[in-house]
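> generate a structure from the sequence data that follows.
(chains A and B)
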There are 2 protein chains.
Amino acid sequence: MIKEIQAGVTAPKGFLAAGLRAGIKAGKTNKDMAMIYSEVPAICAGTYTKNVVKAAPVLWDKRVTSQCGQARAVVVNSGIANACTGREGYENCNKEAELAAGLLGVRPEEILVCSTGVIGVQLPMDVVEKGIRELVPAMEASTKAATAAAEAIMTTDTHKKEYAVECDIDGHTVTVGGMCKGSGMIHPNMGTMLAFVTSDAAIEQSVLQEVLREEIEDSFNMVSVDGDTSTNDTCLVLCNGMAGNGPLTAGSEGLSIFRQALRQVLVYLAKQIAGDGEGCTRLFEVVCEGASSKEEAKKISKAVVCSSLTKAAVFGKDANWGRILCAMGYSGASFDPETVDIALESDKGTLHIVKDGIATDYSEEKATEILSGHPVRARLHVHAGEASATAWGCDLTYEYVKINADYRS
Amino acid sequence: MIKEIQAGVTAPKGFLAAGLRAGIKAGKTNKDMAMIYSEVPAICAGTYTKNVVKAAPVLWDKRVTSQCGQARAVVVNSGIANACTGREGYENCNKEAELAAGLLGVRPEEILVCSTGVIGVQLPMDVVEKGIRELVPAMEASTKAATAAAEAIMTTDTHKKEYAVECDIDGHTVTVGGMCKGSGMIHPNMGTMLAFVTSDAAIEQSVLQEVLREEIEDSFNMVSVDGDTSTNDTCLVLCNGMAGNGPLTAGSEGLSIFRQALRQVLVYLAKQIAGDGEGCTRLFEVVCEGASSKEEAKKISKAVVCSSLTKAAVFGKDANWGRILCAMGYSGASFDPETVDIALESDKGTLHIVKDGIATDYSEEKATEILSGHPVRARLHVHAGEASATAWGCDLTYEYVKINADYRS
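Okay, here's the model as predicted:
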């Protein structure tokens, strides 16, 4: 029903994109600015960081999505986060929006702006303005343009992250495309870092906002690289209605299909972020089953995926299940440690290492073999009910420390 | 009033100790068992891990401190945690207590037992029993014996941790001595890892338990090395009354002096654990001032001391204050980011790097110089009230990853 396609944010009808180097980042070749544009006004919804310290663009976009609920374009820069920049930082968002709006022939309050990078530094506005002037004529509806945009929003990411799917709603092909970035300071309490989803679905704004809010909980909000919730986390969805379907309303079958398509894009992008965690070698997936509630299952799976000791053990291919059980124990969930089962899984096989809270007679050699696979999955069963949840993270490596000991230099 | 003395758990009258190698740990020379003994029955109090997964000795000791409130001796082993060991693990605690009680001529329910090390492995009881038989005749009241005990409880610790103070209560010299261990899996939600405090004060059991519960909150519970709350965290205090003072009761001046002495010992030991965090190069202290409540001050200081990104920046001597402000922001405390001041301090000086939420015009060179000092302190002022709190942690290094990637091998 939901069909994966090789494309990104320009896959839905009427969306253009561009990515290029303006000169914000150090180095000479890295792209650092992107733009997404819809040929017609698009309904938009957003979820944002719950960090008390919110970057200026987060404050700007919250106003756009809550007051207008409609947008025409998104301007993004990487290299500087425009966070902890006071009034000047917010004024710079306004300047970006005004310039882009003027060039595109739309209103400034229809322009979303996003930033990611170093905190506490003002944007070099001359460079940013030059970038915006170059982005507007560079935009195309091609997959190449979508890829350029996905590349331009990267910071410590080792590869671009984009995805798209198609589905059929009432005889109309509806497409959902997305891109995101994120590698460090990843512990979203909302939607992580920067993620952009475009669709040509026709949908009511309040319905879109509600669907996004719900789906973020099981996708980006279940990812953690290092437990640090960023000041800039933003996930924006733009739907321009060009697929031709009748507007999706609450409770309709069409909405249910659109929700599945959106979920598939959000989960794919979330896993891409986890698997590209700073310095990591592998995606680490933790599935908690048999919990008394979804909330309990989430607490348990997130605690394990966040445990530094467990993450280091995954890196070391050490089946140190005591650390997994320990993390489950401090998760805040209530369960009986003596009914816990744990299995380790990867492309190299499956191994049941804990039964009823104590070690099975497993082979350490086999465990090491499985832990050398990719991705590594820990499957936990607490035998307390029917609820389950999945969290995504990565291993903890020397490289993570190296990257973050001298990020600014 | 409170005088530091060069001693440990044998400093108070009537306490003996021993530490030796029984053969639990790998290698040939590392001590791995310790015993503390009081010549007369001692009032005892304990605080324990809040992890749902509690090691067998934690369950045993909770029973002793809550049901009897009186103890004669503590038996400790390092190398194996006796956690996630089911009924057999608890039965082994019973065996240890019975053997020690028989040799010491006391009751098994007066014997406290503690373990630390690898989770999920049963204690080699033949080795443990041999150790107990050797510990009993080896005990002495000497400082050398106290040091041997402090050494025997170490795991990845790089040095032994012990401390003692004297104070005068109603004309009687009251002594408080302590030792502890802890380096990884340190994020106490109670009292960390293993800590043992002895005193010759006379005090009511309920008063001692209450004072310990309160003082733990500002000492061990403000330490974090890696965010992982262990299954074995235990802090035990034994008071045998041999100082000759009248029993300390709630509200008395004597209790206030004793509380200060106890606090000094607990804070000293807590800082020792933070400063010897696995792989760390420096103690990292975070002071939050001007908070609206103690609870808010604690949330803020703990979030910063736990932030992987901030810890990596301390290791890299990078004054990345954005990460500090970011961690304050996701701490759960409410404050106005635009009134935050941040200073960095060490033995190399003080530097005000943030004023009213944005960067001062500070020198990066000077910042790097301060961050190369020891210990490193971040002093945060949120201008919301009068409350303050201090948290202790350490930097995040390659070595931490190395230690934990192959802990069991």
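> quick check: nearest residue in space to the residue of the stretch 1-150 of chain A found nearest chain B, chain neighbours excluded?
In the stretch 1-150 of chain A, the residue found nearest to chain B is A:Ile119; the distance is 2.5 Å by Cβ to the nearest Cβ. Yep, even glycine has a C-beta here, placed from its N, CA and C like the rest. Leaving aside its sequence neighbours, A:Ile119 sits nearest to B:Gly322 (Cβ to Cβ, 6 or more residues apart in numbering or on different chains; 2.5 Å).
> the one you found and A:Val286, how far apart?
For B:Gly322, the distance to A:Val286 equals 29 Å [Cβ to Cβ, to the nearest Å].
> ok, back up a step: what packs against the strand or helix carrying the residue nearest to A:Ile119?
Following DSSP states H and E, one finds B:Gly322 within helix B:321-329. On a contact count with 3 or more Cβ pairs under 8 Å, 6 or more residues apart in numbering or on different chains; DSSP states H and E, helix B:321-329 meets helix B:294-306, helix B:308-315, strand B:341-346, strand B:349-355, strand B:376-381.
> which outside residues touch the second one?
In this structure, residues lying in contact with helix B:308-315 by Cβ atoms under 8 Å, 6 or more residues apart in numbering or on different chains are A:184-185, A:226-228, A:308, A:400-401, A:403-405, A:407, B:280-282, B:284, B:304-305, B:319-320, B:323-324, B:326-327, B:371, B:376, B:393-397.
> in strands, which of these fall?
Counting by DSSP state E, these place B:284, B:376, B:393-394 in strands.
> pLDDT added to those residues, as CSV?
Below are those laid out as CSV (pLDDT from 0 to 100):
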residue, pLDDT
B:Phe284, 94
B:Val376, 94
B:Gly393, 90
B:Cys394, 90
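> interface residues of the stretch 251-400 of chain A facing chain B?
Contacts of the stretch 251-400 of chain A with chain B, taken as Cβ under 8 Å from any Cβ of the partner chain, map to A:306-309, A:312-313, A:315-316, A:318, A:320-323, A:325-331, A:333-335, A:337-338, A:354, A:356-359, A:396-398, A:400.
> wait, doesn't A:Val127 sit right on A:Gly23?
Yes. In this structure A:Val127 lies within contact range of A:Gly23 using Cβ atoms under 8 Å: 4.8 Å.
> next one: the nearest residue to A:Ile24 once chain neighbours are set aside from B:Glu295, what distance?
In this structure, A:Ile24 finds its nearest non-sequential neighbour in A:Gly79, 3.8 Å apart by Cβ to Cβ, 6+ apart. Using Cβ to Cβ, A:Gly79 is found at 38 Å from B:Glu295.
> the two: who's more crowded?
The neighbour count for A:Gly79 versus B:Glu295, taken as other Cβ atoms under 10 Å in any protein chain shown, is higher for A:Gly79 (22 against 13).
> what's the first-to-last distance across stretch A:366-383?
By Cα to Cα, to the nearest Å, the extent of stretch A:366-383 from end to end equals 26 Å.
> check stretch A:306-321 too.
Termini of stretch A:306-321 sit 15 Å apart (Cα to Cα).
> tell me how far that stretch lies from the chain's centre.
On the basis of Cα atoms, centre = their mean, to the nearest Å, stretch A:306-321 sits 24 Å off its chain's mean C-alpha point.
> show the pLDDT at A:Cys180.
Note for A:Cys180: predicted pLDDT of 89.
> right, and it touches A:Val223 too?
No. Using Cβ under 8 Å as the test, A:Cys180 is too far from A:Val223 to be in contact (10.3 Å).
> shaky segments in chain A?
A:184-192, A:225-229, A:406-409 (pLDDT under 70).
> all helices of it, in order?
A:56-63, A:86-104, A:125-138, A:143-152, A:205-217, A:253-275, A:294-306, A:308-315, A:321-330, A:364-371, A:398-405 (DSSP state H).
> would you turn those into TSV with distance to A:Pro41?
Shown next, in TSV, are those (distance: least, Cβ to Cβ, whole Å):
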stretch	distance to A:Pro41
helix A:56-63	16
helix A:86-104	12
helix A:125-138	17
helix A:143-152	20
helix A:205-217	11
helix A:253-275	19
helix A:294-306	36
helix A:308-315	44
helix A:321-330	47
helix A:364-371	50
helix A:398-405	41
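> out of the ones you listed, the one nearest A:Lys161 is which?
Taking Cβ to Cβ, helix A:253-275 is the member of the helices of chain A nearest to A:Lys161, at 4.1 Å.
> extract the C-alpha trace of the closest one and format it as PDB.
What follows is helix A:253-275 as a C-alpha-only set of coordinates in PDB (Å, rounded to 0.1, in the frame of the first residue of the first chain):
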ATOM      1  CA  GLU A 253      -9.800   6.200   5.800                       C
ATOM      2  CA  GLY A 254      -7.700   8.500   3.700                       C
ATOM      3  CA  LEU A 255      -6.200  10.000   6.800                       C
ATOM      4  CA  SER A 256      -5.300   6.500   8.100                       C
ATOM      5  CA  ILE A 257      -3.400   5.800   4.900                       C
ATOM      6  CA  PHE A 258      -1.700   9.200   5.000                       C
ATOM      7  CA  ARG A 259      -0.800   8.600   8.700                       C
ATOM      8  CA  GLN A 260       0.900   5.300   7.700                       C
ATOM      9  CA  ALA A 261       2.900   7.000   4.900                       C
ATOM     10  CA  LEU A 262       3.900   9.800   7.300                       C
ATOM     11  CA  ARG A 263       4.900   7.300  10.000                       C
ATOM     12  CA  GLN A 264       7.000   5.300   7.500                       C
ATOM     13  CA  VAL A 265       8.900   8.500   6.500                       C
ATOM     14  CA  LEU A 266       9.400   9.700  10.100                       C
ATOM     15  CA  VAL A 267      10.600   6.300  11.400                       C
ATOM     16  CA  TYR A 268      12.900   5.800   8.500                       C
ATOM     17  CA  LEU A 269      14.500   9.300   9.100                       C
ATOM     18  CA  ALA A 270      14.600   8.800  12.800                       C
ATOM     19  CA  LYS A 271      16.500   5.500  12.400                       C
ATOM     20  CA  GLN A 272      18.900   7.200  10.000                       C
ATOM     21  CA  ILE A 273      19.800   9.700  12.700                       C
ATOM     22  CA  ALA A 274      20.300   7.100  15.300                       C
ATOM     23  CA  GLY A 275      22.500   5.000  13.000                       C
END
